[in-house]
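> Structure, please.
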Amino acid sequence: MSRAVRRFWALSLALGLGVPVVVGLPPSGPAPAAALPAGFTQQVVYTGLTRPTKLVFAPDGRVFVAEKSGIVKVFDSLADNTATVFADLRPKVYDYEDLGLIGLALAPNFPTDPYVYLSYTYDGVAGGSAPTYHDTCRVIGTCRASARVSRLRASGDVSTGAEQVLLHDWCHQIESHSIGDLAFGPDGALYVAGGDGASATFTDYGQAGTPSNPCGDPPGPAGAAMTPPGAEGGALRSQDIRTPADPTGLSGTLIRISPSTGAALPDNPLAASSDPNNRRIVAYGLRNPYRWTFRPGSNEIWLGDVGWRTWEELNRVVDPAVGPVRNYGWPCYEGNAPQGGYNAANLSLCETLYTQPAGMVIPPYYTYQHSQQVAVGDGCRTGGSSPAGVAFYPTSGGGYPAAYAGALFFADYSRGCVWAMRSGADGLPDPGRIVPFAIAPGVVDLRIGPENDLYYVDLLGGTVRRFHHSTGNRPPHAVAEATPTSGRAPLTVSFDAVGSTDPDPGDILEYQWDFTGDGTVDATGLNVTHRYPSVGTYTARLRVVDFAGLSDTATVQVRVGTSAPVPVIDQPTAALRWATGQTVTFSGGATDPQQGRLPASALRWTLVNMHCSTPENCHSHPVREVTGVATGTFLAPDHEYPSYLELTLTATDSGGLTGSTTLRLDPRTVQLKLATRPAGLRVNLNGRSLTTPNAVQVIVGSTNTVSAPGPQRLGPATYTFQSWADGGAATHVITAPAATTASYTASYDGAPGSCADGFGYTCTTQPGRAYLPAGPGELPLAGDNDTASVALPFPFPYYGQHHSRAWVDVNGILSFVDPRGSWPANRALPHATTPNAALYPFWDDLVMHPESRVRTAVSGAAPDRQFVVEWKDVGLSGAPSARISFQVVLSEWGQIVFNYTALNAGRELGNSATIGIENPTGTDAAQYSVNQLVLANGRAIIFTPPASVPGTARVPCSELRRVSCNAV
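Residues are numbered from 1 along each chain as shown. A predicted model of the protein is given here:
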């Protein structure tokens, strides 16, 4: 990858939409502008890497770096700036979206034992040949791939002989959550983690793919339809060890194997199993254990397991070799609770796990929510989250302050941050002692170096960086600037080191310049100039030295003899709105001021998926790169919204000068409307629980898993799923249509519900009950928060007392004692504070409009008279267009009926209202609902008093047994 493209990774969000940006080779960038703890500095160790993923320190001082594409590089030392390619596995590595070369490890006594170990996604199926897909996939969900663990024999700085494949497994067809990290334990065993191979977008039980179920997950063979409850594919592969009737896969597991054969070790917990993969597994129920580490001085493994909708996890495996084999719960659990999408799908593998006794699923050691700030004042954005590095600081011997002894450093790629979880009294990391450490954009790996400094790998910037601490004198920070960085020969360039700093006040710095990178100091000073007489590409190096001899370096590239080429993307244009699975054609070219039209071999195309938690909060997923072509195609990904694509064209002329242009491509979206009958029940879409009616914006053509869970309770009733209007099963896939359609509606059958109180009142619902006329009586209510009293036509029995007057509140309350004001803020019942002795047909913040009325009426003859109070066309505060009508019907013998009409959606159905009745002291109530979508036109709520209470029998008041008919 050219240096200009590397610069794109860091600056892509700042590039204009389709506007050419001409860049030369950038200098070594300064450390990210973030305050480190006192005494710490951040230093750039290596630059010029292409999407590095993993860093390993060899005992002999060499440093190995893996790149996502499949290249392994080796540096002679931390001071070496020129890498040697140790191995190039690009034809075998499936470098597509999140897939690629992920893990790298050295034999414990390397180089005496000369093996380098790798874990990577294979560009093909297990047992097949590579490359099969050539780092792309022509039809989403059809590219069945796999992952490998292998080793290479080192001969000096290069590999020799053939790759030895130790293990080939991890079948999947989704471009994420493939193989994870690998490392040697203190016991000499090789440990490997693997992801579930499932979708990060929808609830995935193996239903995706064309044909479906390409990995042949149970219960059916490849091509069979996968449906709940019996499906065992997708994310459920993480629970595969629990289904002994079929061979076990390694997705979502941590395994312990021989580093020479890949077989399970004979002392593994399940060594006696007849299944070879069961014998390898020491932990399972993991989603994407991308990075993990051993705690020094122990056999404990600490995993950063990337979560899905809500929670990120740090998991502790106490002694994996001893067992028992531990289940960490994915996909049935996320964080400490059942995962909503997989719970709602009613999958047998999860439903049976939910009934297991406590301790069968190991809870996370630490979790943080996507909306949660990990540490106060960390300055890290919330929303998207993904653990991407864990490393323990030594308990002794390091140069960091004592507060960091034994601390667990952990990083998040999406947030671009590093924190330290300092140890507690028991020596373990204490979640209550997390402190911010650093901003680290692009972080995908953390390592402790040979001098006990913390290092991180920056995928986006192509660098390796180090955090150094000095208790006394601290090293300076070098920043080199050059003007101009390109031009015709001879070229005079002005250099300055003005941006260089030293953290120690008063330090005197020396500035040493090497203009040609040959190791010779050509000039000293803060501002210098140099004349380049001939055409060429030069690396100018600045070394800044403080009075004690501590130093830092920075480089800047100078191109002499040409001006940068100007690339242009002809198609697509910014007007394109892509849909999932759409084949998009791209084409373009570049013109160089000196060389004219550049050939296709000078072009490189880069596609990045920007994954957003909000439209303004995004992180990048590299999708693919194509070199040496002027035109081609790419397949628009299946991804949740909000997200968009960035297409970059970079041109490199014969002199090595580059120019880039970036085009933002937004998707075509649609509203996916969801409803239930009755309204107010919940459905689950792609792992998110939604109260209906609801609508979610999704990308056209995207895969969406919808579930209608049941039974579920709403108000006093219990509802059981019956059918979806589109004919789908309770859990099924919706492919987002091209345009908004009628709601996808789930119908439920409700069992009659009831509510009751301690006094003896019960409530039921009755559909089709008549909505009674009211009038001509009208109460003088107006505006907001108004009350009026009204005489009752008969003594009304209520909680053992009789009342002859009522107070009517605009806010949907009828009280039998003076409430002393209007009460707009509803709450749950019972509640001791005012109002009490009240009926709440619709307690919300309501308002009278000019057309609104509160009317009364009397019907019938004693002893069966009825008194009606109707709120007619009243409004809801904050909802100018909303109008609702409801009424209270008081029967002379004590029954209370709430009737409703003209209700529509949302608040009109009760999701901000309290419905029920309450006794005079606020200590007892029959609450029908609070803040739930439970109301429906024509469905009455009936409160019936206990027949044993005097005054509630259906007889005239005068015949009641010695009970006064006067109001209390």
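> rest of the way, CA atoms for contacts and neighbours
OK.
> just the strands in the stretch 701-850 of the chain please.
Along the stretch 701-850 of the chain, the segments classed as strands by DSSP state E, counting those that start in this stretch run 703-707, 712-714, 717-724, 731-735, 744-751, 755-756, 762-767, 777-778, 787-798, 801-809, 813-815, 838-843, 846-847.
> Now render those strands as CSV, adding mean neighbour count.
Below are these laid out as CSV (neighbours: other Cα atoms under 10 Å):
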stretch, mean neighbour count
strand 703-707, 25
strand 712-714, 17
strand 717-724, 18
strand 731-735, 20
strand 744-751, 20
strand 755-756, 20
strand 762-767, 17
strand 777-778, 14
strand 787-798, 20
strand 801-809, 21
strand 813-815, 25
strand 838-843, 26
strand 846-847, 26
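> Relative to L446, which of these is closest?
L446 lies closest to strand 703-707 among the strands of the stretch 701-850 of the chain, at 34.5 Å (Cα to Cα).
> That closest one pairs with which strands?
Strand 703-707 has the following strand partners under DSSP bridges: strand 682-685 (antiparallel), strand 731-735 (antiparallel).
> angle of that strand against strand 717-724?
140 degrees (axes from the mean of the first three to the mean of the last three Cα atoms, to 10 degrees).
> residues in contact with stretch 154-164?
Residues outside stretch 154-164 that contact it (Cα atoms under 8 Å, 6 or more residues apart in numbering): 74, 84-87, 111, 114-116, 150-153.
> how about 10 Å then?
Defining contact as Cα atoms under 10 Å, 6 or more residues apart in numbering, one finds that stretch 154-164 is touched by 62, 64, 72-76, 83-89, 110-118, 149-153, 260-261.
> Pull out the buried residues from those.
64, 72-76, 83, 85-88, 111, 114-118, 149-153 (16 or more other Cα atoms under 10 Å).
> so of those, which ones are in strands?
Of these, the ones assigned to strands by DSSP state E are 64, 72-75, 85-88, 115-118, 149-153.
> Partner strands of the longest strand seen in the chain and their direction?
If you go by DSSP E, the chain has its longest strand at strand 158-172. In the sheet containing strand 158-172, its partner strands are strand 145-155 (antiparallel), by DSSP bridges.
> Let me know the angle separating the partner strand from strand 84-88.
Between strand 145-155 and strand 84-88, the angle formed by their directions is 140 degrees, by the same axes, to 10 degrees.
> Output the strands paired with strand 703-707 as a markdown table; include the columns mean pLDDT and distance to A208.
As requested, the strands paired with strand 703-707 are exported to a markdown table (pLDDT from 0 to 100; distance: least, Cα to Cα, whole Å):
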| stretch | mean pLDDT | distance to A208 |
| --- | --- | --- |
| strand 682-685 | 96 | 16 |
| strand 731-735 | 95 | 9 |
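> wait, which of these is closest to T718?
Of the strands paired with strand 703-707, the one closest to T718 (Cα to Cα) turns out to be strand 682-685, at 12.4 Å.
> Now the element after that closest one, going C-ward?
Moving toward the C-terminus from strand 682-685, the first helix or strand encountered (DSSP states H and E) is strand 688-691.
> Remind me what that following strand packs against, helices and strands.
Of the remaining helices and strands, those touching strand 688-691 by 3 or more Cα pairs under 10 Å, 6 or more residues apart in numbering; DSSP states H and E are helix 340-344, strand 669-677, strand 682-685, strand 703-707.
> now the ones you listed in TSV, with distance to A636?
Output for those, formatted as TSV (distance: least, Cα to Cα, whole Å):
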stretch	distance to A636
helix 340-344	25
strand 669-677	13
strand 682-685	22
strand 703-707	13
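> Between these, which one is closest to H831.
Within the helices and strands packed on strand 688-691, the stretch nearest H831 is strand 682-685; the backing value is 27.9 Å (Cα to Cα).
> Nearest to R820, out of the helices and strands packed on strand 688-691?
Across these (criterion: Cα to Cα), the nearest stretch is strand 682-685, sitting at 38.5 Å.
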